[in-house]
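S.K.: Quick one: sequence and predicted model below, then my questions.
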Amino acid sequence: MESLNGKIVIVTASTRGIGYSCVEALAKKGAVVYMACRNMEVANQKAAALNEQGCNVKTVYFEAYDKKSIVDMIDTVVAAEGRLDVLVNNFGGTSPVNDLDIMSTKYEDFSKYVDAHLSSVFLASQRAIKTAMAKQKSGIIINIGSVAGIVTDTSQIAYGTSKAAIIHMSKMIAIHAAKYNIVCNVVCPGMTATEAVKNNLTPAFQEFFLKHTPIHRMATPEEIADAVVYFAEAPYTTGQVIAVSGGFGVATPVYGDMVSMKNKR
């Protein structure tokens, strides 16, 4: 069903993983989707492949660590299409080598990751509202958070802090922009089967994490995209957070150990 037929959509950081699945899912709903990313060669190839399947996917440059490119991304799409209906702020990145605990993380690394996460959401959302959505009296902003922004961790202080801030910022945007009929919501993935997880987390850690996930598997990127599509089709839902995490963080913190102790209680 092409329920988003003709809607103009931007998805940032979207040549792979969750971002790419969002592009594909939204395009198959009939939207005109801009794949916003820094590797334009890969983006153009992937957009062409989707277009061969009957989608309408275009590309625009975006680099989360370049603030000007964030603003230019919005301006480019609005100039080309005359409007912007849905903005998906998907960027997320960190380094398990540098983003550690409070004692071990250098401030320069903390600042780098927090700034990139927050500025990419703030600047893109602000520009989208000012140049298009407020004038249209409509718009949907969907920010990709993380369960790391809901529950604390023994590491990744920059990533977790920034994702928690994105959740709060999204609720603020929802309130500030409501008078323009603009909504803002958050999707918080748990561990998801992406290249980033495969390349940065050891199999032992992945299994350890899933031990405490009631639905004992990773999400697929497509399952995260399903939640994004839900919000893209929900113009009366705002300020909400959906954790797509297989129940991680819902049960007791010692869930994984209690499962193995069920016959010894």
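M.R.: That came in fine, so what should we check first? Numbering: from 1, shown residues only.

S.K.: Could you use CA atoms for every contact and neighbour count after this?
M.R.: Fine.

S.K.: where do the helices sit along the stretch 1-150 of the chain?
M.R.: Here the stretch 1-150 of the chain has its helices, by DSSP state H, counting those that start in this stretch, at 17-28, 40-51, 67-81, 107-128, 134-136.

S.K.: helices or strands next to the second one in the packing?
M.R.: To tie it back to what came earlier, the one meant is helix 40-51. Contacts defined by 3 or more CA pairs under 8 Å, 6 or more residues apart in numbering; DSSP states H and E place helix 40-51 against strand 32-37, strand 56-61.

S.K.: now for the last one, which elements pack on it?
M.R.: It refers to strand 56-61. Counting contacts by 3+ CA pairs under 8 Å, 6+ apart, strand 56-61 is packed against helix 17-28, strand 32-37, helix 40-51, helix 67-81.

S.K.: try the first one
M.R.: Other elements packing on strand 32-37 under the criterion 3+ CA pairs under 8 Å, 6+ apart are strand 8-12, helix 17-28, helix 40-51, strand 56-61.

S.K.: any chance of those in TSV, plus mean neighbour count, mean pLDDT and distance to Ala193?
M.R.: Shown next, in TSV, are those (neighbours: other CA atoms under 10 Å; pLDDT from 0 to 100; distance: least, CA to CA, whole Å):
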stretch	mean neighbour count	mean pLDDT	distance to Ala193
strand 8-12	27	98	19
helix 17-28	25	97	8
helix 40-51	17	98	19
strand 56-61	22	98	24
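
S.K.: Just give me the neighbour total for Val78.
M.R.: Other residues near Val78 come to 18 when the count uses other CA atoms under 10 Å.

S.K.: actually Val88, not the one I wrote
M.R.: A count of neighbours around Val88, defined by other CA under 10 Å, yields 28.

S.K.: Next up, the contacts around it.
M.R.: 9-12, 141-144 (CA atoms under 8 Å, 6 or more residues apart in numbering).

S.K.: how about these in TSV, adding distance to Phe62?
M.R.: Formatted as TSV, the contacts of Val88 follow (distance: CA to CA, whole Å):
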residue	distance to Phe62
Val9	14
Ile10	10
Val11	10
Thr12	7
Ile141	17
Ile142	17
Asn143	16
Ile144	16
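
S.K.: which one of these sits closest to Glu81?
M.R.: Val9 (10.2 Å; CA to CA).

S.K.: so Val86 bridges to which residues?
M.R.: When bridges are called by DSSP bridges, Val86 pairs up with Val9, Ile140.

S.K.: Export the helices and strands packed on strand 56-61 to TSV and append columns for distance to Ile175.
M.R.: Converted to TSV, the helices and strands packed on strand 56-61 look like this (distance: least, CA to CA, whole Å):
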stretch	distance to Ile175
helix 17-28	25
strand 32-37	26
helix 40-51	34
helix 67-81	22
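
S.K.: To Phe205, which of those lies closest?
M.R.: Closest of those to Phe205 is helix 17-28, at 19.6 Å (criterion: CA to CA).
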